[in-house]
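Novice: sequence plus the predicted model coming up.
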Amino acid sequence: MTDLLPTAEWLASLPQVVAVGAMLVTDEDGLMLLVKANYGSATWQFPGGMLDLGEYPTVCAERELAEETGLTCQAAGLLAVMWHIPKESTGGRAVVQFLFDGGRVPASTSVRLQTSELSEARWVRMAEAMTLLDAKRGAWLEAALAAQRGESVRLVAR
């Protein structure tokens, strides 16, 4: 029988995960909101960001949406989850991203960008979203839309 590790040592040995809350917001015309980051690889994505210590993913998604776009929407339900295996660019940490349904807003709703993080926002149809998003976010969007149609919430692993 082996001896158990001291609690601090055991906790330090566990995998570390970065968690992200994001929001899929659509307008009355069926357009969805995408934002473009002005950091890193400057990719198109859904409004969202990393959870603060002690924060629930839904609260994070709502907070990040408000900070990044000025919109206040409630995270109504979980649509899809995306999992990224640990890699060097994330400090050896895995990343789990939760995409919540932000509901519908009136058509032509204006967005106030958080320019320290974002360079652009667009209301787009599905076809344009799939050209702007990278493959993993495109698969995440497809899973989210399937959940909105009543299918099970899916894990998209990349």
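Specialist: Received, thanks.
Novice: contacts and neighbour counts: CA atoms only from here.
Specialist: OK.
Novice: any idea how far the helix or strand containing residue 36 is from the middle of the chain?
Specialist: Secondary structure here is read from DSSP states H and E; on that basis residue 36 sits in strand 32-37. The chain centroid and the centroid of strand 32-37 are separated by 11 Å under CA atoms, centre = their mean, to the nearest Å.
Novice: buried set for it?
Specialist: Across strand 32-37, burial judged by 16 or more other CA atoms under 10 Å covers 32-37.
Novice: roughly how far apart are the residue nearest to the spatial centre of the chain and residue 12?
Specialist: Within the chain, one residue has its C-alpha closest to the average C-alpha position: by CA atoms, centre = their mean, that is residue 22, at 3.0 Å. When distances are taken as CA to CA, to the nearest Å, residue 22 and residue 12 turn out to be 28 Å apart.
Novice: how about the CA coordinates for the strand holding residue 36, as CSV?
Specialist: What follows is strand 32-37, C-alpha atoms only, in CSV (Å, rounded to 0.1, in the frame of the first residue of the first chain):
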residue,chain,number,x,y,z
MET,A,32,-26.0,36.3,-34.6
LEU,A,33,-23.4,38.5,-32.9
LEU,A,34,-19.7,37.8,-33.5
VAL,A,35,-16.8,39.9,-32.2
LYS,A,36,-13.2,40.0,-33.4
ALA,A,37,-10.4,40.0,-30.8
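Novice: following the chain onward from it, which element is next?
Specialist: Once the chain leaves strand 32-37, the next helix or strand it forms, by DSSP H and E, is strand 44-45.
Novice: and that following strand, how far from the chain's centre?
Specialist: Here the centre of strand 44-45 is set off from its chain's centre by 10 Å, with CA atoms, centre = their mean.
Novice: can you check stretch 58-72 too?
Specialist: Worked out by CA atoms, centre = their mean, stretch 58-72 lies 11 Å from the chain centre.
Novice: again with stretch 109-124
Specialist: Distance of stretch 109-124 from its chain centroid, counting by CA atoms, centre = their mean, is 15 Å.
Novice: now the strands for the chain?
Specialist: Taking DSSP state E to define them, one finds strands in the chain at 17-27, 32-37, 44-45, 48-50, 78-84, 94-105, 118-124, 154-157.
Novice: save the ones you listed as a markdown table, and put in distance to residue 137 and mean pLDDT too.
Specialist: Written out in a markdown table, the entries for the strands of the chain read as follows (distance: least, CA to CA, whole Å; pLDDT from 0 to 100):
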| stretch | distance to residue 137 | mean pLDDT |
| --- | --- | --- |
| strand 17-27 | 11 | 96 |
| strand 32-37 | 11 | 97 |
| strand 44-45 | 7 | 97 |
| strand 48-50 | 13 | 96 |
| strand 78-84 | 8 | 96 |
| strand 94-105 | 10 | 96 |
| strand 118-124 | 15 | 97 |
| strand 154-157 | 9 | 92 |
